[in-house]
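A.B. asks: one predicted model, sequence on top.
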Amino acid sequence: MSVALLGCGVVGSQVVRLLTEQADELTARVGAPLRLAGVAVRRPQRHPDVPADLLTTDAAGLVSRDDVDVVVELVGGIEPVRGLLLTALKSGKSVVSANKALLAEDGAALAAAADESGADLYYEASVAGAIPLLRPIQQSLAGDRIVRVAGIVNGTTNFILSAMASSGANYTEALEEAGRLGYAEADPTADVDGYDAASKAAILASLAFHTRVTADDVYREGIRDVTAADIAAAKALGCTVKLLAICEQVDGAVSARVHPAMIPRSHPLASVSGAYNAVFIEAAAAGQLMFYGQGAGGPQTASAVLGDLVAAARNRVIGGRGPRDTAHAALPVLAMGDTHTRYHVALDVNDRAGVLAQVAGVFAEHGVSIATVRQEGRGSGNGEAGRDADDGAPGPKDATLVIVTHSASDAALAATVDALTGLDAVRGVAGVLRVEGLGRPVTELGGGS
Ligand SMILES: NC(=O)C1=CN([C@@H]2O[C@H](COP(=O)(O)OP(=O)(O)OC[C@H]3O[C@@H](n4cnc5c(N)ncnc54)[C@H](O)[C@@H]3O)[C@@H](O)[C@H]2O)C=CC1
Ligand SMILES: N[C@@H](CC=O)C(=O)O
Ligand code: NA
């Protein structure tokens with residue numbers, strides 16, 4: 001079995017290492033030797049560990065070689081990779097890729113090319129790194145009905161949020177460290193602005209709900225605006241802040257969203273820290289399943305790539321093909337405004353008579369039911385007159401109102417926040433975060449200090 005490798009960075013270099021170190025075992029498992037036919041890179045001089053006769057800068061030439069059976073793509077990004085992989089698949093070569101950005105943007109074209117030629121298209125490493133997740137969804141749960149897939153699917157942002165929560169680490173330093181450890185994407189805005197997690201959510205929703213979902217169908221918010229104050233507010237409520245990907249089937253439609261949220265500290269996802277990922281799957285017959293492991297990193301991701309490579313090579317040895325992607329359900333995608341969850345809203349207000357009633361009135365007008373309200377004094381001490389924020393003149397004491405709602409639609413909450421900012425007594429919205437129980441009742445919320 002002849003393998004062409006495209007890209008030899010954090011993950012690709014580990015694939016080369018494992019292919020070399022485990023050559024005999026892999027041969028035994030596949031039923032034929034796995035031979036590296038070539039390694040396409042941008043700068044050959046940067047790869048002293050790869051035999052020089054394998055290195056090439058001509059990826060298109062490598063992909064078109066007749067002797068290549070499987071193309072392993074670890075470059076990332078959309079072009080030129082899309083063209084290279086379509087060429088490979090159309091000519092009957094199997095493809096293994098970790099490229100969630102491409103699969104979430106144009107997985108349909110790749111799957112169609114694979115179907116046309118009868119080649120395999122595997123991408124286990126594209127979601128949640130080392131964790132076997134796509135294969136269980138596509139194969140082990142193929143006889144069940146999945147209703148929800150939700151969890152932490154980005155190692156970089158989980159690493160940053162964990163560091164901010166546990167040691168008060170600075171956001172920028174934590175991001176730099178994630179880059180040094182090989183977790184972050186080439187352009188780390190893909191991680192912090194939620195694009196990477198949105199691509200993964202699109203892949204998960206597509207496979208779980210047998211519907212083509214692209215990254216553009218996924219609602220996306222990243223962690224850039226999560227502040228130390230948000231993390232402290234979560235702590236006060238017995239919660240922690242995580243970047244979640246949530247894919248659900250709701251009333252015959254698919255909902256897919258990525259955003260930071262507070263989750264109760266007692267929830268198993270709350271203790272997932274560093275570059276670890278964890279994903280819950282809820283299926284009609286199986287009930288709840290949890291998948292946990294390292295979501296990023298060179299050797300970890302290479303493990304998933306090698307698993308796919310062995311599967312694709314085995315199929316070719318026996319002359320078969322693995323399961324193909326199915327989109328037979330073709331469900332519509334639910335607008336974010338129609339999804340329901342609970343919210344934590346912190347408002348800076350003038351602490352004077354009637355403000356609480358005014359604020360509660362705005363929530364009621366928009367049909368958003370309040371579960372709990374807590375008032376925190378701020379600035380001047382108890383009972384003293386405060387200073388007006390605008391002109392420094394003595395004024396009503398500032399306070400923060402912390403409100404946790406019952407479940408409400410995203411559209412109703414957005415309209416509520418909009419109307420609240422128009423109240424004279426509201427000086428500003430200090431923070432709005434969704435609160436998720438992830439299939440479990442959010443029982444302990446509303447306590448705190
Ligand atoms: N690093 C990680 O923890 C994980 C990465 N992935 C995915 O794996 C893929 C690779 O990621 P990394 O190894 O981290 O990236 P990387 O940036 O370390 O490696 C990519 C390599 O591809 C090379 N390259 C760029 N354009 C090329 C071209 N036209 N021809 C040949 N080589 C080219 C670059 O020079 C670089 O060495 C990406 O799709 C990424 O999203 C997936 C899961 C985890
Ligand atoms: N940048 C990604 C790498 C794995 O997919 C992440 O941090 O999760
Ligand atoms: Na995986």
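C.D. replies: Arrived safely. Ligands and ions are numbered 1, 2, ... in the order given.
A.B. asks: smallest gap between this structure and ligand 1, at which residue?
C.D. replies: For the chain, the residue closest to ligand 1 is Gly9, as judged by C-beta to the nearest ligand atom, at 2.0 Å. C-beta here means a position set from N, CA and C on the backbone, and glycine is covered the same way.
A.B. asks: so what's the nearest residue to that residue once chain neighbours are set aside up against?
C.D. replies: Among residues not flanking Gly9 along the chain, Leu74 sits closest, at 6.9 Å (C-beta to C-beta, 6 or more residues apart in numbering). For Leu74, the contacting residues are Leu5, Leu6, Gly7, Cys8, Gly9, Val11, Gly12, Val15, Ser97, Ala98, Asn99, Val305, by C-beta atoms under 8 Å, 6 or more residues apart in numbering.
A.B. asks: need the pLDDT of Asp445.
C.D. replies: That one is not Asp; residue 445 is Leu. For Leu445, the pLDDT comes out at 54.
A.B. asks: and the helices in the stretch 301-449 of the chain?
C.D. replies: Per DSSP state H, counting those that start in this stretch, the stretch 301-449 of the chain carries helices over the ranges 355-365, 410-421.
A.B. asks: quick one, which of those helices is packed in tightest?
C.D. replies: Most buried of those, by mean neighbour count (mean count of other C-beta atoms under 10 Å): helix 410-421, with a mean of 18.
A.B. asks: what sits up against that one?
C.D. replies: Applying C-beta under 8 Å, 6+ apart, the set of residues contacting helix 410-421 from outside is 336-341, 343, 345, 347, 359, 362-363, 365-368, 405, 408, 426, 428-429, 432.
A.B. asks: can you count the residues close to the closest residue to Gly293 other than its chain neighbours?
C.D. replies: The shortest distance from Gly293 to any non-neighbouring residue, by C-beta to C-beta, 6+ apart, is to Ile131 (4.2 Å). Ile131: 24 surrounding residues under other C-beta atoms under 10 Å.
A.B. asks: my guess is Ile131 meets Ile281, correct?
C.D. replies: No - look at Ile131 against Ile281 with C-beta atoms under 8 Å: they stay out of range, at 11.5 Å.
A.B. asks: what is in contact with the two at once?
C.D. replies: Taking C-beta under 8 Å, 6+ apart as the criterion, Ile131 and Ile281 both touch Phe291.
A.B. asks: who's in contact with the residue in the stretch 251-400 of the chain that ligand 3 sits nearest to?
C.D. replies: Going by C-beta to the ion, ligand 3 is nearest to Ala304 of the stretch 251-400 of the chain, at 4.7 Å. With contact set as C-beta under 8 Å, 6+ apart, Ala304 has these partners: Ala98, Glu124, Ala125, Gly129, Ala130, Ile131, Pro132.
A.B. asks: I'd guessed the fifth one sits against Ser303; true?
C.D. replies: This means Ala130. Yes - between Ala130 and Ser303 there is a contact under C-beta under 8 Å: 5.0 Å.
A.B. asks: so which bits of the protein are right by ligand 1?
C.D. replies: Contacts of the chain with ligand 1, taken as C-beta under 6 Å from any ligand atom, map to 6-12, 40-42, 59, 74-76, 80, 98-100, 125-126, 129, 182-183, 185-186, 296-297, 301.
A.B. asks: which of those fall in strands?
C.D. replies: If you go by DSSP state E, the residues of the chain next to ligand 1 have Leu6, Ala40 in strands.
A.B. asks: which of the residues of the chain next to ligand 1 are buried? Put it as a ChimeraX command.
C.D. replies: Entered in ChimeraX, the line below selects the buried ones among the residues of the chain next to ligand 1, by 16 or more other C-beta atoms under 10 Å:
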select :6,7,8,9,10,11,12,40,41,59,74,75,76,98,99,100,125,126,129,182,183,185,296,297,301
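A.B. asks: so which of the residues of the chain next to ligand 1 reach ligand 2?
C.D. replies: Gly129, Tyr183, Glu185, Ala296.
A.B. asks: quick check: of these, which lies closest to Asp230?
C.D. replies: Of all these, Asp230 sits closest to Tyr183, with 22.2 Å by C-beta to C-beta.
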